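Participant: Just the structure for this:
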Amino acid sequence: MEVISPNPQLPLYSLEADETGNKQFRVYNFEGDLPDQGDLLVPHRKDHYLLVFMRRGGSRHWIDMSSYVLKDNTIYFMGPNQVIVKEGVEQLWATGIAFTREFLLTQGNDALNRLPLIQNAKDAHELLLSAADVLFVEDILTKINVEYQQPGDWQQRMLSAHLVLLLTYLSRLYNEQFKDDDNAIDKLLLRKFQAKVDQCYHELHEVGDYASLLNISAGHLSEVVKMQSGKPAIKHIHDRLILEARRLLFHTNKSSKEIAYDLGFSDASYFNRFFKRETGITPSECRIAFRKMYH
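Facilitator: So this is what the prediction gives:
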C-alpha cells in the first residue's frame, strides 16, 4: 500500500508510562478482556511499534486499510504512524509488546533497526506460526513478563536482550513467509487501489470509478485485486463502506438515513438493504448490539 501521509485529524497514541515511569517499553496481557470502547472503529495511529501474539483470534482489524481477521496462534505487528482500526468486539486472549524507536536505539543495538520485521519492506503485518514457533514465542514472552515485573538497574538490558532474540527469530520467519517474487507491480497496484478506496469511498462505489482514477480498465483492476488480495475489488469498496457505517452507528446518534447520505447513498432504503446483505443485520440492529455490548 502507498505510504499514507500522517493525517492531523487522526488520533496519534503515544506509549503510556507504566507504574515505573517507563515510556519506552510496555507489556500488555489480555485474558478474555474486551477491547477499549474508545478505540473501537476509530482510525488512529501509534508513535511506536506494536507486536501482538494472538492466542485466540476471531475479530477483524485493519492496518493501513488492509483487513486481517485475527487468527489463533499468530503474530501481528505494526510500526509507527500506520493507520489502525479495531473493528471486532470479541474478547481478547493475547500478549502485546509495545516499544519505541528510542528503546531500540538506547539499548546500544542499532542492528535491531535493520531487522526485516522492523523494516517491513513487504508491508506485511501477519506471521503464521508452527507449533514449534508457538512454543518458542511463548517461552520468550514468559521471560519478558517475568522481567517486566522486576524493575531495577538491569531490567532494561534484560528486556532488550529478550526482545532482540524474539525480533530476530520472527525476522527469520518473516523472510521465509514473504520471499521476493515477480508480482511487485501487481502488489503496487493493489496498494494504490486500497489507498484510493480509503480516500474516495464516500463518493465512489463502483470498481470502474477507481479504474478510471488509476488509468486502467475495470477488468484488469478486478483481476489484479482478486489475485493479490483474494477478494474481489468491489468487496474492498463494500468493506470500507461497512466499516465507516459501523463507526458512525457506534460513535454518533445519526439516523440510518443521515449515515446513508454521508456515505454517498441517495436512497436510504437501499443503504439499509446493502448493510444487511453485507453484515446479516440492519443498521438499527447493529446499533442495538453495540449498546448491549457496552452498557
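Participant: Just the CA atoms of stretch 13-21, as PDB, please.
Facilitator: Once non-C-alpha atoms are left out, stretch 13-21 reads as follows in PDB (Å, rounded to 0.1, in the frame of the first residue of the first chain):
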ATOM      1  CA  TYR A  13      -1.400   7.500  20.600                       C
ATOM      2  CA  SER A  14       1.900   7.700  22.500                       C
ATOM      3  CA  LEU A  15       3.200   4.900  24.600                       C
ATOM      4  CA  GLU A  16       1.800   5.400  28.100                       C
ATOM      5  CA  ALA A  17       4.200   5.100  31.000                       C
ATOM      6  CA  ASP A  18       3.800   2.100  33.300                       C
ATOM      7  CA  GLU A  19       4.000   2.300  37.100                       C
ATOM      8  CA  THR A  20       7.800   2.600  37.000                       C
ATOM      9  CA  GLY A  21       7.600   5.600  34.600                       C
END
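Participant: and Ile234, what is it in contact with?
Facilitator: 206-207, 222 (CB atoms under 8 Å, 6 or more residues apart in numbering). Heads up, the C-betas are built off the backbone N, CA and C, glycines and all.
Participant: what helix or strand does it sit in?
Facilitator: Using DSSP states H and E, Ile234 falls within helix 233-251.
Participant: Tell me the buried residues in that helix?
Facilitator: For helix 233-251, the buried set under the neighbour-count rule, 16 or more other CB atoms under 10 Å, comprises 233, 236-250.
Participant: Next, the contact list for Thr74, please.
Facilitator: For Thr74, the contacting residues are 53-54, 57, 126-129, by CB under 8 Å, 6+ apart.
Participant: what's the pLDDT at His295?
Facilitator: Confidence at His295, expressed as pLDDT, is 59.
Participant: Make a markdown table out of the contacts of Ile234 and add pLDDT and secondary structure.
Facilitator: Written out in a markdown table, the entries for the contacts of Ile234 read as follows (pLDDT from 0 to 100; DSSP: H, G, I helix; E, B strand; the rest coil):
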| residue | pLDDT | secondary structure |
| --- | --- | --- |
| Glu206 | 96 | coil |
| Val207 | 96 | helix |
| Ser222 | 95 | helix |
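Participant: With adjacent residues omitted, what lies nearest to the residue nearest the centre of the chain?
Facilitator: By CA atoms, centre = their mean, the chain has its centre lying nearest to Ile63, at 3.1 Å. Leaving out its chain neighbours, the residue that sits closest to Ile63 by CB to CB, 6 or more residues apart in numbering is His125, at 4.7 Å.
Participant: roughly how far apart are that neighbour and Lys257?
Facilitator: Per CB to CB, to the nearest Å, His125 is found 36 Å from Lys257.
Participant: So the two - more neighbours on which side?
Facilitator: His125 (20 against 15; other CB atoms under 10 Å).
Participant: about what we covered before: centre of the chain versus the next helix or strand along the chain from the helix holding Ile234, how much separation?
Facilitator: Where DSSP H and E defines the elements, the next helix or strand beyond helix 233-251 is helix 256-262. Once both centres are worked out by CA atoms, centre = their mean, to the nearest Å, helix 256-262 turns out to sit 26 Å from its chain's centre.
Participant: Quick check: buried residues in helix 256-262?
Facilitator: 256, 259-261.
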